[in-house]
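In: Build the 3D model from these lines:
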Amino acid sequence: MPAELRQQLRFARLRSGARVAWATSGSGPALVRAAHWMTHVEHDLESPIWRPWLERLGREVQLVRYDERGCGLSGPDETPLGNEAAVEELEVVVEATGLAQVALLGMSGAAAPAVAYAARHPERVTHLVLLGGYTHGMLRRTPSVAQLQLHEASAKLIELGWGQRDAAVQQYFTAQMIPDATPEQVRALNDQQRLSCDGVRAAAIFRARAALDVREFLPLLRCPTLVLHADGDGIVPVELGRELAASIAGARFETLPTRNHIPLAGEPAFERFCAAVGDFVHPRRAAVAGPFTPRERELLALVAQGLDNLQIAAHTGLADKTVRNALSKLYATLHVEGRPQAVVRARDLGFG
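Out: Model prediction:
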């Protein structure tokens, strides 16, 4: 198994005594992924959706993941679901890592606890990445009668039909979340939703997500924040991502070219997401990203591909001597000696 996929699975305890399963894999700055819709940390390694995430992000960061209470390997309790319960889970996991500081990744409904945690514990959070998130859920947006009826009908559908092996109910939600997925990826998300929890718990989570509201915490954020959103997202419209970014001082906003709520391996949005996260949270990259000119970035990409001077000259149209001089200056900027070190450093910076 590749090093970035070798995971360590552990358990922490909530105030209620319920266990929270959490896992680490990869290497680099710690990035804690707040528990999102229907997780199962042990099943991630077998999933054609999440295994590529672990493998690709594992080359950028040490990824910490966990199951929320009542899902995956985490035990249930009687605590009402909502942002307070989700923040407690995040607090327990961050404390269990023993790390003084971490970056946070909040996806979709998990953006809310990530925001609240970062606002309450600014000394613990170095960076905040939000994907497909929103400031407040549908129930906090003065919904119409028809919207409320559809929401409750969907919740009841989950509650009564979630555990069926024919995946009809799960497929209803999968088709909205990842409309451009491969058949294998569709089956994987259907299975994961069924494996994560039963219908009663899934319906409770669905209702709780629609009632989230973290607007009070947004003005309190002080860490660098990157907001990413699929430009064709059918679950959380991209306008809600813009609203989220506009509510956070200094936040950077970027759309991803996909209709999938979750960027999937095999589409350009997936690589763009992983590279953006790595560039954002990696301190070495942050230190050197600014000085590169467009020409230097072009050279870095070619060096990362392992091209020699003649090949680089052919690609760029520069004379061989010009290439040698440009590379010498680039090596000095990178603080490396020679091409082998430059190749490693360029790839570490996400080029190639």
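
In: Strands of the stretch 251-352 of the chain, residue ranges please.
Out: Secondary structure of the stretch 251-352 of the chain, counting by DSSP state E, counting those that start in this stretch: strands at 252-256.

In: so where's it shaky on pLDDT?
Out: Applying pLDDT under 70 to the stretch 251-352 of the chain flags residues 283-291, 348, 352.

In: Helices of that one, residue ranges please.
Out: 268-281, 283-288, 294-304, 309-316, 320-334, 339-348 (DSSP state H, counting those that start in this stretch).

In: deepest of the ones you listed, which one?
Out: Highest mean neighbour count of the helices of the stretch 251-352 of the chain: helix 268-281, a mean of 19 (counted as mean count of other CB atoms under 10 Å). No exception for glycine: its C-beta is placed from N, CA and C like everyone else's.

In: Return the angle between stretch directions for it and strand 252-256.
Out: 160 degrees (axes from the mean of the first three to the mean of the last three CA atoms, to 10 degrees).

In: Outside of helix 268-281 itself, which residues are in contact with it?
Out: Residues from elsewhere that reach helix 268-281, judged by CB atoms under 8 Å, 6 or more residues apart in numbering: 28-29, 31, 52-53, 56-57, 59-61, 103, 105, 126-127, 129, 131, 224, 226, 228, 230, 254, 256-258, 260, 263-264, 285-286, 289, 349-350.

In: Kindly report the same for stretch 192-211.
Out: By CB under 8 Å, 6+ apart, stretch 192-211 touches 37-40, 43, 47, 49-50, 67-68, 70-72, 76, 81-82, 108-109, 137-140, 151, 154-156, 158-165, 167, 170, 173-174.

In: now the strands for this protein?
Out: Counting by DSSP state E, the chain has strands at residues 8-13, 19-26, 30-33, 62-66, 102-107, 125-131, 225-230, 252-256.

In: Centre of the chain to stretch 167-177, how far?
Out: Between the centre of stretch 167-177 and the centre of its chain there are 21 Å (CA atoms, centre = their mean, to the nearest Å).

In: buried set for it?
Out: 167, 169-170, 173-174, 177 (16 or more other CB atoms under 10 Å).

In: so who does A12 touch?
Out: 19-20, 22, 92-93, 95-96.

In: ok, 7 Å please
Out: 20, 22, 92-93, 96 (CB atoms under 7 Å, 6 or more residues apart in numbering).

In: Check R33 too.
Out: By CB under 7 Å, 6+ apart, the residues touching R33 are 63-65, 105.

In: count of residues packed around D77?
Out: Per other CB atoms under 10 Å, the neighbour tally for D77 reads 14.

In: Could you report the distance from the closest residue to Q8 other than its chain neighbours to R272?
Out: The spatial neighbour of Q8 that comes closest, neighbours along the chain excluded (CB to CB, 6 or more residues apart in numbering), is T24 at 5.2 Å. According to CB to CB, to the nearest Å, T24 and R272 sit 25 Å apart.

In: what's the nearest residue to L104 if we skip its chain neighbours?
Out: Using CB to CB, 6+ apart, the closest residue to L104 is A114 (4.5 Å).

In: could the buried residues of stretch 167-177 be laid out in JSON lines, adding distance to S328?
Out: Listed next are these as JSON lines, based on distance: CB to CB, whole Å:
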{"residue": "A167", "distance to S328": "59"}
{"residue": "V169", "distance to S328": "62"}
{"residue": "Q170", "distance to S328": "57"}
{"residue": "F173", "distance to S328": "55"}
{"residue": "T174", "distance to S328": "53"}
{"residue": "M177", "distance to S328": "50"}
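
In: so of the residues you listed, which ones are in helices?
Out: Under the assignment DSSP state H, the buried residues of stretch 167-177 contribute 169-170, 173-174, 177 to helices.

In: on that earlier part again, the residue nearest to L104 reaches V32, doesn't it?
Out: No: at 8.4 Å, A114 does not count as touching V32 under the criterion of CB atoms under 7 Å.

In: Name all residues that sit in contact with those two at the same time.
Out: Counting by CB under 7 Å, 6+ apart, the contacts common to A114 and V32 are L104.

In: that older thread, from what I can see the residue nearest to Q8 touches V64, true?
Out: Yes: T24 lies in contact with V64 (CB under 7 Å); the separation is 5.2 Å.

In: So between those two, which is more surrounded?
Out: Shown here are T24 and V64; by other CB under 10 Å, V64 has more neighbours (26 against 20).

In: Any idea what that one is bridged to?
Out: Using DSSP bridges, the bridge partners assigned to V64 are T24, V32.

In: Please list all residues in contact with it.
Out: Applying CB under 7 Å, 6+ apart, we find V64 in contact with 22, 24, 30-33, 93, 97.

In: Show the pLDDT at it.
Out: We note a pLDDT of 96 for V64 in this prediction.

In: Filter the contacts of A12 down to the buried ones, PyMOL style.
Out: In PyMOL, selecting the buried portion of those, with burial taken from 16+ other CB under 10 Å, looks like this:
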select buried, resi 20+22+92+93+96
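
In: Take the contacts of A12 and write them to JSON lines, including pLDDT and distance to D213.
Out: Converted to JSON lines, those look like this (pLDDT from 0 to 100; distance: CB to CB, whole Å):
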{"residue": "V20", "pLDDT": "97", "distance to D213": "24"}
{"residue": "W22", "pLDDT": "97", "distance to D213": "26"}
{"residue": "V92", "pLDDT": "98", "distance to D213": "22"}
{"residue": "V93", "pLDDT": "98", "distance to D213": "23"}
{"residue": "A96", "pLDDT": "96", "distance to D213": "28"}
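
In: Where does the prediction get shaky in the stretch 1-150 of the chain?
Out: Looking along the stretch 1-150 of the chain with the criterion set at pLDDT under 70, you get 1-4.
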